[in-house]
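Undergrad: Requesting a structural model of the entry that follows:
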Amino acid sequence: KQWKYIPYINICKILTSYKPADPDKIRVLGNDVEEMKEPLTQIGFFDFEELHFEVNEIARGLKTNRTRLIGIIIPELNNPFFAEVVAEMEDILRNHGYATMICDCRTDEKREAEAIEFLKKRRVDGVIAMPVAQNGTYFHELQDTGIPVVTVDRKLKDLNCDCVLVDNRGGTKEAVERFI
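TA: Purely as a prediction, here's the structure:
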């Protein structure tokens with residue numbers, strides 16, 4: 001059997017490649033195609049390998065209003081602490097089907113505001129931030145559009161969001177007590 005490469009296959013091309021077009025096929029493809037690939041191929045609906053089908057995540061995002069993308073805002077990418085935290089977050093998010101978009105603010109509040117605007121325009125599904133600013137003014141813009149925000153290592157007084165904090169005082173006290 002001759003294989004031909006179809007660079008950008010989409011649902012319309014799949015449906016027109018099988019005669020007659022079956023309305024059930026359209027309904028099924030409205031669901032999560034990745035989950036449905038194997039069962040659909042087994043029962044003869046489509047041969048996804050033959051069609052070289054790949055999900056267009058941009059098109060899916062337009063339909064579902066979800067990008068499977070999480071924005072991460074950090075003060076300094078070259079700081080080993082922040083780099084390690086980002087690496088761990090990315091591993092966890094990847095295991096849950098999310099990609100990350102990392103914004104380095106270089107400890108500049110103006111860059112942080114630009115990053116927030118950038119991520120808002122990209123319609124990310126959420127933002128994890130290690131904030132530079134002392135207040136949450138810019139982060140309110142994200143929350144106003146329905147984008148959840150989680151801060152790490154700093155709680156902003158005027159921002160109502162989930163926060164991941166370390167008890168630095170308690171940790172320091174415990175460390176000193178171990179040496180005394």
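Undergrad: Name the residue closest to the centre of the protein, please.
TA: The chain has Leu69 as the residue nearest its centroid, 1.9 Å off, counting by C-alpha atoms, centre = their mean.
Undergrad: What segments of the chain are helices?
TA: 11-17, 23-29, 33-42, 48-51, 57-64, 80-95, 109-121, 137-144, 168-179 (DSSP state H).
Undergrad: What number of residues are in the vicinity of the nearest residue to Gly61 once chain neighbours are set aside?
TA: Nearest non-adjacent residue to Gly61, counting by C-beta to C-beta, 6 or more residues apart in numbering: Thr67, 4.5 Å away. C-beta here means a position set from N, CA and C on the backbone, and glycine is covered the same way. Using other C-beta atoms under 10 Å, Thr67 has 20 neighbouring residues.
Undergrad: can you check Tyr98 too?
TA: For Tyr98, using other C-beta under 10 Å, the count is 18.
Undergrad: I'd like the distance between it and Val124.
TA: Counting by C-beta to C-beta, to the nearest Å, the separation of Tyr98 from Val124 is 10 Å.
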